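> Starting from these lines, generate the structure:
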Amino acid sequence: MEEELTYSTVVFKNGGGHPKEKNEDSTIYSTVKTKGTASAEPKIEGEPHKHFCLLVVCVCILCVLLAACISTIISISVVMNKQTETFKANVNNLTAENQQLIMERSVLENKTEELSRDRDDLNWTLNIILKFKYFPVDKYCRDKQCQPCRQGWIHFQGKCYLFYKKSYPWMTWQQSQNYCKDEDADLVVVDSLQEQEFIASHIKFYYDNFHGYWIGLRKNAEGNWTWVDRRSDTLGYWMKTVLGDAGPCALMIPNQNSTANWDPAYCGMYNKFICESDALIRAH
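Sure thing, here's the model as predicted:
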């Protein structure tokens with residue numbers, strides 16, 4: 001935009017202070033630049049352009065910051081996803097290892113239980129052997145394979161039973177007990193209905209209805225029925241009718257009800273008998 005120029009003439013009039021000088025008018029020309037009226041503010045035509053440039057710069061900065069934030073968020077998200085996958089993988093590995101440890105623990109517990117059972121079985125066998133003055137290896141361990149009972153004895157629930165079946169000689173109650181003692185055993189002690197039924201199923205009729213098999217039960221000095229291991233009888237499988245004269249020793253009579261086949265007989269009567277001992281190998 002071209003500048004407008006205004007010319008003005010200024011005339012200075014001399015007073016009377018200088019008489020010697022020529023009274024001449026002096027004219028001085030000066031140039032004054034003006035822009036519109038004197039009271040109007042000057043216009044800055046480049047100011048909108050500057051504002052626009054500043055706005056563009058701010059927008060660019062915001063875009064850069066936004067892009068940086070988005071990039072950072074994406075990077076963090078990727079890292080977190082990787083960490084999550086790694087964490088899940090570690091959890092799965094730990095879970096598998098834990099299951100493996102549980103299985104191994106179960107195996108060890110079973111093995112420990114098995115070893116404890118074997119130890120208890122060996123202690124049981126040792127205690128049985130120690131009851132013998134001379135352990136009959138040939139009777140228990142035929143062909144280098146040990147059995148729970150000696151040859152000729154019957155195994156039942158951790159016990160061995162000898163049913164005396166010889167036709168001669170029969171024996172009194174005390175003779176029968178002595179015979180069992182010589183075999184490191186005793187006349188049988190009945191502890192349960194199952195044992196009573198087992199014994200009753202293995203005795204057979206012989207000679208007459210008055211004869212049976214001696215068991216380890218007799219009256220003590222106080223008149224109470226007591227087993228050879230000194231326990232009092234609590235079962236009482238006595239016959240409803242006494243055969244002959246009653247005595248202080250107990251016979252088990254064949255072919256009778258298994259819960260009512262005991263007969264109180266005279267101890268000097270000759271009969272067969274039943275011996276009982278612990279099995280060499282503990283039953284499970």
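> So for the biggest helix by length in the chain, mean pLDDT?
In terms of residue count, the longest helix belonging to the chain (DSSP state H) is helix 47-130. Model confidence over helix 47-130, given as mean pLDDT, is 85.
> Tell me the pLDDT of the closest residue to Asp233 other than its chain neighbours.
Closest residue to Asp233 apart from its sequence neighbours, by CB to CB, 6 or more residues apart in numbering: Trp225 at 4.4 Å. Where you see a C-beta, it was placed from the backbone N, CA and C, and this is true even at glycine. The per-residue pLDDT reported for Trp225 equals 97.
> tell me which residues in the helix or strand following the longest helix of the chain are buried?
Using DSSP states H and E, the helix or strand that follows helix 47-130 in sequence is helix 137-140. For helix 137-140, burial by neighbour count (16 or more other CB atoms under 10 Å) applies to Tyr140.
> now do stretch 154-165
Result for stretch 154-165 [16+ other CB under 10 Å]: buried residues 156, 159-164.
> ok, so what distance separates the residue lying closest to Asp229 once chain neighbours are set aside from His49?
Distances taken as CB to CB, 6+ apart put Val189 closest to Asp229, at 5.6 Å, once the chain neighbours are dropped. For Val189, the distance to His49 (CB to CB, to the nearest Å) stands at 123 Å.
> picking up where we left off before, count the residues that sit near the residue nearest to Asp229.
16 (other CB atoms under 10 Å).
> List the contacts of it.
215-217, 227-229, 231, 276 (CB atoms under 8 Å, 6 or more residues apart in numbering).
> if you set the cut-off to 6 Å instead, what comes out?
Shown in contact with Val189 (CB atoms under 6 Å, 6 or more residues apart in numbering): 216, 227, 229.
> so of those, which ones are in strands?
216, 227 (DSSP state E).
> Going by distance to Ala89, which of the contacts of Val189 wins?
Asp229 (66.9 Å; CB to CB).
> Check what pLDDT the closest one gets.
Value for Asp229, per-residue pLDDT: 93.
> What is the neighbour count of it?
9.
> likewise the one 4 residues further on?
If you count neighbours by other CB under 10 Å, Asp233 ends up with 17.
> mind checking which helix or strand Lys272 is in?
Per DSSP H and E: strand 272-278 holds Lys272.
> Give me the mean pLDDT for that strand.
97.
> Could you measure from Glu195 over to Lys166?
Distance from Glu195 to Lys166, by CB to CB: 23 Å.
> for Lys159, that is, sorry about that
Distance from Lys159 to Lys166, counting by CB to CB: 21 Å.
> Then Asp229?
Taking CB to CB, one finds Asp229 at 26 Å from Lys166.
> Same question for Asn224.
Taking CB to CB, one finds Asn224 at 32 Å from Lys166.
> again with Asp184
Relative to Lys166, and taking CB to CB, Asp184 is found at 19 Å.
> Kindly report the same for Leu115.
For Leu115 relative to Lys166 (CB to CB), the value is 44 Å.
> what's the answer for Ile154, then?
16 Å.
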